[in-house]
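K.L.:
Task: produce atomic coordinates for the following.
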Amino acid sequence: MTSSVIFRVSPYLALNSQFRPRCRLQAKSSVGGDSTVSSSPESVVLNGAPPMEEREKVGPLTGGNEYAVSKIEVVEKKKKVEKEAKESLAVLWDDAYRTKSVKDYLELARFMIRPDGGPPRWFCPVECGHPLNDSPVLLFLPGLDGTGLGLILHHEALGRAFEVRSLHIPVYDRTPFEDLVTFVEKTVKAEYDSSPRKPIYLVGDSFGGCLALAVASRNPTIDLVVLLVNPATSFGRSQLQPLLPLLEAMPDGLHFTVPYLLSFIMGDPVKMATINIDNMLPPRVALEQLSTNLTSLLPRLSGLADIIPRETLLWKLKLLKSAASYANSRLHAVKAEVLVLASGKDNMLPSHDEARRLTNSLKNCRVRYFKDNGHTLLLEDGINLLTIIKGTHTYRRRRRHDYVLDFLPPSMSEYKTAFNQVVGLVRTASSSVLFSTLEDGKIVRGLSGVPSEGPVLLVGYHMLMGLELFSLVEEFLREKNIIVRGIAHPMLFSSKIEDLSSEFGLIDWVKVFGAVPVAGSNLFKLLSTKSHVVLYPGGAREANHNKGEEYKLIWPDQPEFVRMAARFGATIVPFGTVGEDDITNMILDNNEVMKIPFVGDYIKKYSRDNIRVRENEAVSVPVLLPRIPGRFYYLFGKPIETRGRYESLKDRENANELYLQVKSGVENCIAYLLKKREEDPYRNIVDRTVHRALHSPLHEIPTFEP
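P.N.:
Reported below is the predicted structural model:
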């Protein structure tokens with residue numbers, strides 16, 4: 001039986017080579033057959049050697065077979081690259097999440113581990129494809145296995161945002177740690193010399209985390225973004241320590257048991273087996289698929305004995321010890337931006353505690369915890385690395401992060417995860433229904449009255465705790481395939497919020513879907529890029545109102561957003577939302593909470609230290625109780641054109657008149673909905689649930705006639 005493996009591989013790099021990759025090769029390896037490599041340039045220089053003619057052998061790269069180079073026209077390749085390169089991603093693009101699994105990792109690893117006698121080298125997975133124009137480089141530094149396949153579940157997604165290269169360390173390679181550091185460092189310096197304004201990403205998995213920190217400590221002036229996945233800097237406190245003498249004394253005949261032992265220490269087999277199971281499947285079907293996946297996965301674990309044979313495992317454990325010591329001794333010299341991803345159920349390393357230690361030891365370090373995952377975090381269910389990078393605002397193309405220009409639109413898998421799992425309960429309970437107003441004043445169900453061409457500024461009422469925002473964003477994506485960018489309170493982007501909970505949660509998902517901090521510069525950029533922007537003039541004060549202030553607009557006097565909209569000819573669409581009183585009861589408002597001893601003093605202190613958009617803005621913590629859910633209703637009023645009115649709206653009176661018109665439009669929308677919702681036969685959740693079960697999906701449940 002013949003199998004083939006395809007990688008896009010950078011030219012062979014020796015440890016002491018001064019050569020910087022000039023091209024990438026596509027290597028095709030088939031079991032028991034010859035292999036060829038297609039090269040993009042007309043001639044290829046390998047390790048300083050002279051150009052090689054067509055079909056000249058270049059030596060083994062990833063397997064025991066010989067590879068050869070063939071020519072194609074440079075011009076044709078350039079045209080193909082230019083054609084496939086993109087400026088931006090489409091909304092709800094396919095990131096191929098859940099299409100790969102650990103089984104694919106184990107299958108491909110069989111070919112990657114074939115002995116070739118060569119040193120460590122880089123390869124570029126073909127699945128990564130062509131990244132967006134001006135994308136930064138991402139260098140993946142593997143863990144104990146050394147195959148470089150640890151990102152296999154994330155190749156297609158990461159390949160849109162990065163130029164991905166993975167480090168492959170052959171099974172029988174015995175390169176010392178400091179030489180590995182030098183090898184990676186030379187590549188980093190070459191990339192920096194080529195694009196000094198771009199950041200370079202180092203993703204270090206376990207052992208690779210030590211390697212990433214070591215390189216960062218030696219290159220403090222290079223703009224590095226370091227992602228550490230359960231870094232092995234905690235090896236001194238690891239459960240692996242007692243394993244070293246045991247392995248040295250173990251007879252060769254018993255080594256076959258080690259892979260099974262390691263597989264349960266390294267990760268959760270159930271998490272690995274559920275990676276390609278749709279979360280929306282019925283429980284019975286999901287269990288059947290899980291059983292099938294586990295049955296096929298467990299026999300493949302014996303392949304770990306080939307990936308990490310006894311001698312290699314002994315070497316790697318000693319290498320881990322020296323790597324951890326080297327990296328820990330140089331933490332003080334790390335100036336790079338660092339994001340630590342730590343598992344809560346890591347049975348190999350004390351990763352949770354190590355993340356806390358690194359946060360205190362490094363100058364610019366953040367952390368995200370994943371409490372239900374094991375050591376092999378990147379090979380387990382529920383982890384989409386690009387989503388984490390986006391949600392923590394770690395993705396950037398230049399020295400500083402730009403909330404508008406560095407934004408990557410949500411993928412289809414992110415859409416499903418966010419609205420089916422993260423906010424699924426609120427979404428189901430509220431069963432939102434949206435209306436819009438056509439040019440002739442007719443109100444219709446759906447968003448046909450909202451312009452599809454931007455720039456569009458949606459100006460509305462901020463319901464209690466901002467609960468209305470999720471359905472608004474979802475419906476624009478579902479019906480119009482438009483991402484609505486929210487203007488959010490700066491507190492959501494502050495380090496203090498991260499300190500409260502370092503798990504990847506709701507606030508991170510808000511960032512994934514395009515929220516930006518309140519700032520005139522951000523609104524300027526969004527409108528200049530013809531975006532759809534949602535703006536709440538009432539801000540946090542309106543979203544955290546007191547008793548008796550339900551559906552009351554608490555807007556400032558300054559009509560600044562009117563002038564900004566007119567500057568870009570944006571269409572302003574006023575909208576109202578109702579339903580907060582149908583889903584919650586306010587037991588204590590902010591004023592009453594502030595009267596509670598000690599609690600009020602703490603809130604006052606926190607408010608003083610917090611970022612504020614307005615004077616006298618206080619953190620509000622109302623006490624709420626859920627009630628039997630009613631329904632959320634939205635009405636988008638008649639669009640207001642500002643094109644051609646910029647000069648007239650420079651006049652304060654004219655600007656204020658338009659501002660009051662928008663405010664009145666929002667109030668009219670709210671009044672209309674409060675009256676008409678009484679006519680909705682499906683306002684009660686019981687009626688909606690029955691109708692949904694028997695007749696239609698959530699967004700098609702009937703409502704009142706407008």
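
K.L.:
Tell me the buried residues in the longest helix along the chain?
P.N.:
Secondary structure of the chain per DSSP state H: the longest helix is helix 652-676. Using 16 or more other C-beta atoms under 10 Å as the burial criterion, the residues of helix 652-676 that qualify are 654-655, 658-659, 662-663, 665-667, 669-670, 672-674, 676. To be clear about C-beta, it is placed using only N, CA and C from the backbone, and glycine gets the same treatment.

K.L.:
Show me which of those is closest to residue 197.
P.N.:
The nearest member of these to residue 197, counting by C-beta to C-beta, is residue 655 at 39.2 Å.

K.L.:
Assign a three-state SS to the closest residue to residue 584 other than its chain neighbours, would you?
P.N.:
Spatial nearest neighbour of residue 584, excluding adjacent residues (C-beta to C-beta, 6 or more residues apart in numbering): residue 624 at 4.7 Å. What DSSP: H, G, I helix; E, B strand; the rest coil gives for residue 624 is strand.

K.L.:
Go ahead and confirm residue 624 touches residue 587.
P.N.:
Yes - checked against C-beta atoms under 8 Å, the pair residue 624 and residue 587 is within contact range at 6.7 Å.

K.L.:
and those two? which has more neighbours close in?
P.N.:
Comparing residue 624 with residue 587 by other C-beta atoms under 10 Å, the one with more neighbours is residue 624, at 16 against 12.

K.L.:
Can you name the residues in contact with the longest helix of the chain?
P.N.:
443, 459-461, 537, 551, 553, 555, 559, 562-563, 572, 574-578, 633-638, 640, 642, 645, 648-649, 704, 706 (C-beta atoms under 8 Å, 6 or more residues apart in numbering).

K.L.:
Residue 236 against residue 324, yeah?
P.N.:
Yes - between residue 236 and residue 324 there is a contact under C-beta under 8 Å: 6.1 Å.

K.L.:
And the two? Which one has more around it.
P.N.:
residue 324 (24 against 13).

K.L.:
re the thing from before, the longest helix of the chain: how far from the chain's middle?
P.N.:
How far helix 652-676 lies from its chain's middle: 37 Å, per C-alpha atoms, centre = their mean, to the nearest Å.

K.L.:
follow-up on the earlier one: now, the contacts of helix 652-676 that are in helices?
P.N.:
Those of these mapping onto helices are 562-563, 648-649, per DSSP H.

K.L.:
Among those, which one is most surrounded by other residues?
P.N.:
residue 562 (26 neighbours).

K.L.:
Thought residue 648 was touching that residue, still the case?
P.N.:
No - using C-beta under 8 Å, residue 562 is not in contact with residue 648, being 11.1 Å away.

K.L.:
picking up where we left off before, can you list the ones in helices among the contacts of helix 652-676 in a markdown table and add distance to residue 99?
P.N.:
Converted to a markdown table, those look like this (distance: C-beta to C-beta, whole Å):
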| residue | distance to residue 99 |
| --- | --- |
| 562 | 47 |
| 563 | 48 |
| 648 | 54 |
| 649 | 50 |
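
K.L.:
of all these, which comes closest to residue 524?
P.N.:
Residue 524 lies nearest to residue 563 out of those, by C-beta to C-beta, at 11.2 Å.

K.L.:
Below-threshold pLDDT in this protein: ranges please.
P.N.:
Along the chain, segments meeting pLDDT under 70 span 1-86, 239-306, 496, 498-501, 602-603, 605-620.

K.L.:
Who are the contact partners of residue 684?
P.N.:
For residue 684, the contact set (C-beta under 8 Å, 6+ apart) comprises 628, 630.

K.L.:
quick one: secondary structure of the residue nearest to residue 333 when sequence neighbours are not counted?
P.N.:
Distance criterion C-beta to C-beta, 6+ apart; nearest residue to residue 333, sequence neighbours excluded, is residue 217 at 4.1 Å. Under three-state DSSP, the three-state class of residue 217 is helix.

K.L.:
Residue 592 now?
P.N.:
Following three-state DSSP, residue 592 is assigned to helix.

K.L.:
How many neighbouring residues does it have?
P.N.:
Neighbours around residue 592, by other C-beta under 10 Å: 15.
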